[in-house]
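In: Sequence and predicted structure are below.
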Amino acid sequence: MPKPKKSHNRHPVDRLSDLREQIKRLQEDEKDLRAAIIASGDFVGSEFIAILKESKQNRLDREKLNVKFGKAAVDTCCKEVEVTTLNLFHKVAVAGGGLLD
């Protein structure tokens, strides 16, 4: 995987893409380290101690609610929220797709 460019003159969109790639790699590293720690059972480091905590959570199953009460009834209990997303695309990949026109 190519290393992100570290120029301070990069456009904020390009810098955002670089940061998202770094975050993705760090999250993969975190996942691997977490799994290794749990598998080894070694929770004591030089500076930190890891404590494994398990808990149960209750989550609503929207499909089961729809079946039991009907979609219309379930929809009356839902609220609409506004979400803003910022998607990034490589210019080369979208140049022919009309996104840049």
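Out: Now that the structure is in, tell me what you want to look at.

In: Tell me which residue is most central in this protein.
Out: Lys24 (8.1 Å; C-alpha atoms, centre = their mean).

In: Just the element for that one, please.
Out: Element membership for Lys24, per DSSP states H and E: helix 12-40.

In: And that helix, what's buried?
Out: 15, 17-18 (16 or more other C-beta atoms under 10 Å). C-beta here means a position set from N, CA and C on the backbone, and glycine is covered the same way.

In: thinking again about what came up before, next one: the residue nearest to the centre of the chain from Glu30, what distance?
Out: 11 Å (C-beta to C-beta, to the nearest Å).

In: ditto for Ser17
Out: 20 Å.

In: where's the residue nearest to the centre of the chain relative to Ser17, distance?
Out: For Lys24, the distance to Ser17 - C-beta to C-beta - is 11 Å.

In: quick one: the lowest-mean-pLDDT helix or strand in the chain to chain centroid distance?
Out: Ranked by mean pLDDT, DSSP states H and E, the weakest helix or strand in the chain is helix 91-94, scoring a mean of 79. On the basis of C-alpha atoms, centre = their mean, to the nearest Å, helix 91-94 is displaced by 23 Å from the centre of the chain it belongs to.

In: cool, stretch 37-46 as well?
Out: The answer for stretch 37-46 is 25 Å, by C-alpha atoms, centre = their mean.

In: Could you tell me the end-to-end distance of that stretch?
Out: Stretch 37-46 has its terminal residues 14 Å apart, counting by C-alpha to C-alpha, to the nearest Å.

In: low-confidence ranges in this structure?
Out: For the chain, applying pLDDT under 70 flags the ranges 1-7, 96-101.

In: switch to 80 and redo it
Out: Residues of the chain meeting the criterion pLDDT under 80: 1-8, 93-101.

In: circling back: sort out which one of the buried residues of helix 12-40 lies nearest Ala93 for me.
Out: Closest approach between those and Ala93, by C-beta to C-beta: Ser17, at 12.3 Å.

In: measure that closest one to Arg25 for me?
Out: From Ser17 to Arg25 the distance is 13 Å (C-beta to C-beta).

In: next one: Asp61
Out: 33 Å.

In: sorry, back to before: just list what the helix holding Lys24 packs against, helices and strands only.
Out: Using 3 or more C-beta pairs under 8 Å, 6 or more residues apart in numbering; DSSP states H and E, no helix or strand is in contact with helix 12-40.
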